[in-house]
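# take this sequence and fold it.
(one chain, ligands or ions: 1)
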Amino acid sequence: MYKLLMMGLFFGLLACNSKEQKQDEKTNTTNNAPSFAELPTYDGSDLGLTYTPAQSSFRIWSPSAEAVTLKIYEKGDGGEAIKQESLKKAENGTWIAQINEDLKGKYYTFQVKIDGKTLPETPGIYAKAVGLDGKRAMILDLKSTDPEDWANDKKPALKNATDIILYELHVRDFSIHKNSGAKNKGKFLAFTEKGTKNATGQATGIDHLKELGVTHVHLLPSFDFYSIEESKPNEKYNWGYDPQNYNVPEGSYSSNPNQGEVRIKEFKQMVKALHDQGLRVIMDVVYNHTGITEGSNFNSEFPQYYYRQNKEGKYSDASACGNETASDRAMMRKYMVESVKYWATEYHVDGFRFDLMGIHDVETMNQITEELDKIDPTLYVYGEGWLASGTPLPEEQQAIKKNVLKLKKVAAFSDEMRDAIKGHWSEEKGQGFVSGKTGLDESVKFGIVAATQHSQIDYTKVNYSKSFWANQPSQTINYVSCHDNHTLFDKLKVSNPEASEADILKMDMLANTMVLTSQGVSFIHAGEEMARTKYGEHNSYVSPDSINQLDWTRKNQYKDLFAYYKNLIALRKNHPAFRLPTTDLIQKHLKFIETKLPNVVGFTLEDNAGGDSWKKILVIYNGNLKSQKINIPAGNWTVVLNEKGIKESSLGTNKGGEFEMASISALILVQK
Ligand code: CA
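Numbers count the residues shown, from 1 in each chain. Reported below is the predicted structural model:
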């Protein structure tokens, strides 16, 4: 548990922008946490604004408020209110107002008075459009933000969740480099640009994604966050794990953050362009904490309610960002469920990655997937199955890895596989399977079966979890690096200072060969395919573009590596044996072979597994820094992957028997 906590802590402490004081850790025996259990809740779907040209209706839930004022403004920023209305107390703790005129294009805020105190103005937590820096909500007709042909936007086909290959990308990093070839650098609109090239003529941008062959683009926070002043998008950099308005796109990624409709339309244009190129879109969602605590939209609407408190009545801080939200409370749960439904329907988003998902409760996550299923059963949900620090939420309710078994359709990241392959995330020099560290074979096998149950694994020897934790392979994300910590290339360099670059690249290729030939859902960090470097920066959440940007010159510099990744992805997509949809099928078709060699793990996929065109597939990974004499079962084998590359038609043949397998390499032989 310590490792899990620390993993999140490392991320949380450094990645969020909290200026909050750390909570006093002293405990006392009396429980001073406020209780909200007796409050009325509201289950209607009209919280926030309901707009028609004839009238605008407003509703806010704040059951203990003494008064709520609505203020109407001409602009999203600056100027005095042109109209003020008192909301009337209505049913179930809500307050309402109605203005019978066409307010399209105007902006508004709510101001709540509670316990004799007037709270800061807020656009309201249900705001769907905001002006500059998310301070005021905008009144608009959402239909007017639909891009051309939006009604005919079609999601690319997806048969099984295990067919998904995720590509984790930050909106700005994607196109900000001078060599990206994009006109709309750093913006949502860069995703709509086809035909972009780097200086040496290779495809960049969306053409690059298509060429690489990934199926889903997973975008780092793209909802509205605090850290970037939207009128000065080039002054600072941030990943965006500091939520402000959950139901609105971030303004600094739009071409005009002053006009509330622009960011909405451009986000939709991005989704449409990705869909048109056969790519689905995942949003990184961060409901587990808000970027600020006092003055947040939650606290400006109904103080304390949306956050958990410790026994002393102070904000609990499982996110290590100053607060944690309370998904187990009815109106927070409703908020999360409605928010993801809104993104899925209004923006046609195809799935969600939940930051610090362990802060959320199992019931909420199950309700989310049940509701998303009604919209489209191919929408995909996954998250970080850990927390950054302690929480009052009982462990059995936390949506952590060990409780994935209680989650119906939610996946979690496998840090077991990740750290087994490359080395421990927090130990700079920590080595892994691909850099010759022994004792990790069972952890690698755990990853190969995507954290499911398999009779040939000794779970007591797995690095972190001591039991399988996924019901199905679709519940496990296999990966070797992401935005957190070193890039794969940097991690391999830092932990193997004596290794030549040629050997680093061999380790890199073996690492992702392991990810992409394992069961489960594959995930790669943007730029891994061109040896992305952050120049040794292991936590780049506020680092400048020079550290974070995808440097498209590397596509030329590492063109052999890129070709390898592309072929590897094609291999996975061409062969269903590598992405079996159920645990039953894995148990039936996947057999580990006894290699009797440390740091050599092998398995077969037999009997046209998953309907594969190959009758039998033999996969062996050699993580040793020296070649190894292995025994290949007798048979008419065709070599399709070895240290020289990948060729599905044939790289040669093998009759079985003793074989010298190259150092730091993978080998795949097939019987057709
Ligand atoms: Ca913002």
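
# show me what the residue of the chain found nearest the ion is bridged to.
Minimum separation of the chain from the ion (CB to the ion) falls at Asp224, amounting to 4.4 Å. The C-beta positions use only the backbone N, C-alpha and C, and glycine is treated the same way. When bridges are called by DSSP bridges, Asp224 pairs up with Asn245.

# show me where the stretch 1-150 of the chain has strands.
48-51, 56-61, 67-73, 83-86, 88-89, 94-99, 107-114, 117-118, 137-138 (DSSP state E, counting those that start in this stretch).

# let me know which of these is the nearest to Tyr565.
Tyr565 lies closest to strand 137-138 among these, at 42.2 Å (CB to CB).

# which elements pack onto the closest one?
Judged by 3 or more CB pairs under 8 Å, 6 or more residues apart in numbering; DSSP states H and E, strand 137-138 is in contact with strand 107-114, helix 260-276.

# nearest residue to Leu407 other than its sequence neighbours?
Excluding its sequence neighbours, the residue lying closest to Leu407 (CB to CB, 6 or more residues apart in numbering) is Met365, at 5.7 Å.

# what helix or strand is the one you found located in?
Per DSSP states H and E: Met365 is located in helix 362-375.

# how about that helix as CSV, C-alpha atoms only?
Coordinates of each C-alpha in helix 362-375 appear next as CSV, following Å, rounded to 0.1, in the frame of the first residue of the first chain:
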residue,chain,number,x,y,z
VAL,A,362,-16.9,1.9,-6.3
GLU,A,363,-20.6,2.7,-6.4
THR,A,364,-20.1,5.9,-8.3
MET,A,365,-17.7,4.4,-10.8
ASN,A,366,-20.2,1.6,-11.4
GLN,A,367,-23.0,4.1,-11.9
ILE,A,368,-20.9,6.0,-14.3
THR,A,369,-20.3,3.0,-16.5
GLU,A,370,-23.9,1.9,-16.3
GLU,A,371,-25.0,5.3,-17.5
LEU,A,372,-22.4,5.4,-20.2
ASP,A,373,-23.4,2.0,-21.4
LYS,A,374,-26.9,3.3,-22.1
ILE,A,375,-25.3,5.9,-24.4
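
# note down every partner strand of the helix or strand just after that helix and its orientation.
Using DSSP H and E, the helix or strand that follows helix 362-375 in sequence is strand 380-383. According to DSSP bridges, strand 380-383 has the following sheet partners: strand 351-354 (parallel), strand 410-413 (parallel).

# follow-up on the earlier one: what's the mean pLDDT across the helix holding Met365?
Averaging pLDDT along helix 362-375 gives 98.

# now do stretch 120-133
Across stretch 120-133, the per-residue pLDDT values average to 98.

# go on, stretch 141-155?
Stretch 141-155 carries an average pLDDT of 97.

# over to stretch 83-100?
The average pLDDT for stretch 83-100 rounds to 98.

# would you mind measuring the gap between the ends of it?
Taking CA to CA, to the nearest Å, stretch 83-100 runs 13 Å from one end to the other.

# what about stretch 550-568, distance to the chain center?
Distance of stretch 550-568 from the chain centroid (CA atoms, centre = their mean, to the nearest Å) equals 23 Å.

# distance between the ends of it?
With CA to CA as the measure, stretch 550-568 spans 21 Å from end to end.

# the ion contacts on the stretch 251-400 of the chain?
Within the stretch 251-400 of the chain, the positions adjacent to the ion are Gly251 by CB under 5 Å from the ion.

# rewinding a little: surely the residue of the chain closest to the ion meets Val248?
Yes. Applying CB atoms under 8 Å, one finds Asp224 in contact with Val248, separated by 4.5 Å.

# which one's more surrounded, the two?
Neighbours were tallied for Asp224 and for Val248 using other CB atoms under 10 Å; the higher tally belongs to Asp224 (27 against 21).

# give me the distance between the more buried one and Lys135.
As judged by CB to CB, to the nearest Å, Asp224 and Lys135 stand 10 Å apart.
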